[in-house]
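Chemist: 3D model of this:
(one chain, ligands or ions: 1)
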Amino acid sequence: MTEQQHEPLRIAVLVSGSGSNLQAIMDAIAAATLDARITGVISDRPAVQALERATAADIPAITLDYRAMADRHAFGEALLSTLRQLEVQGVILAGFMRILPPAVVQGFHGRMLNVHPSLLPLYPGLHTYRRALEAGDAWHGSTVHFVTEELDAGPAIIQYRVRIRPGDSEDSLRQRVQRGEHLIYPLAIQWLASGHIELRDDGVWRAGQPAPTPEIIDEKE
Ligand code: GRF
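Modeler: Presented below is the predicted three-dimensional model:
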């Protein structure tokens, strides 16, 4: 591909809660370090803070109330139709707490990212801070990965690592890990927008080469 001026990547951000990662993404776009445009923020539950953040930034804030839908399939259909209306090229899961139906994941193969608060493949699923502390791990962190059908198992793009300190609690660890998420997530989305990374043969490719291990950024101590 030749170097050309191109349009910002059109993304939807899927949320369920506070939206601090959404905020970091919006801030990176405002600072022009991320060449993307959020065409909609979609929540699976009403009245969450992430929706307020979207509205404050003049971005369409859309609720698809999961509990009001017949089942996961119906939710998936509603979501796909909304994503089509928003004409999105990429889907960014940012604290989105539902497992998506296969049709949605397949529809955005290689164009859907998630951030998960562990050093995957360690600790897919919930309560990652507690599990890392209980295991006596030396490190914890967060991973941005391509979304595939298996939960929290898609190829990893970048990780942020923090060293677990004596006396760390779930809260103290969460705060430090989330600070890192706010750095690595906009960066990974920019890599997707620019074509620096892609999903090929079920693996991450970086700058046209297979990248079997993620980039790693360590917290400055
Ligand atoms: C993040 O820490 C992310 O790792 C996890 O959910 C949290 C969402 O936080 N998937 P926020 O809604 O972005 O503040």
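Chemist: which non-adjacent residue is nearest the residue in the chain that the ligand sits nearest to?
Modeler: Nearest residue of the chain to the ligand: residue 95, at 2.6 Å (C-beta to the nearest ligand atom). Just so you know, the C-beta spots here come from the backbone N, C-alpha and C atoms, and that holds for glycine as well. Spatially, and ignoring its direct neighbours in sequence, residue 95 is nearest to residue 17 (4.8 Å; C-beta to C-beta, 6 or more residues apart in numbering).
Chemist: same check, this time on residue 140
Modeler: Nearest residue to residue 140, sequence neighbours excluded (C-beta to C-beta, 6+ apart): residue 132, at 4.2 Å.
Chemist: That neighbour belongs to a helix?
Modeler: Yes - Residue 132 forms part of a helix when assessed by DSSP: H, G, I helix; E, B strand; the rest coil.
Chemist: does the residue of the chain closest to the ligand sit in a helix, a strand or a coil?
Modeler: From three-state DSSP, the assignment for residue 95 is coil.
Chemist: ok now do it, which residues does it touch?
Modeler: Contact partners of residue 95, counting by C-beta atoms under 8 Å, 6 or more residues apart in numbering, are 15-22, 50, 115.
Chemist: got the residues of this structure near the ligand?
Modeler: 17-21, 50, 94-95, 115-117, 142, 178, 181 (C-beta under 6 Å from any ligand atom).
Chemist: I'd like the next helix or strand past the top helix by length along the chain.
Modeler: Longest helix in the chain, counting residues (DSSP state H): helix 170-194. Going down the chain from helix 170-194, the next helix or strand is strand 197-200, by DSSP states H and E.
Chemist: counting contacts, what elements does that next one pack onto?
Modeler: helix 170-194, strand 203-206 (3 or more C-beta pairs under 8 Å, 6 or more residues apart in numbering; DSSP states H and E).
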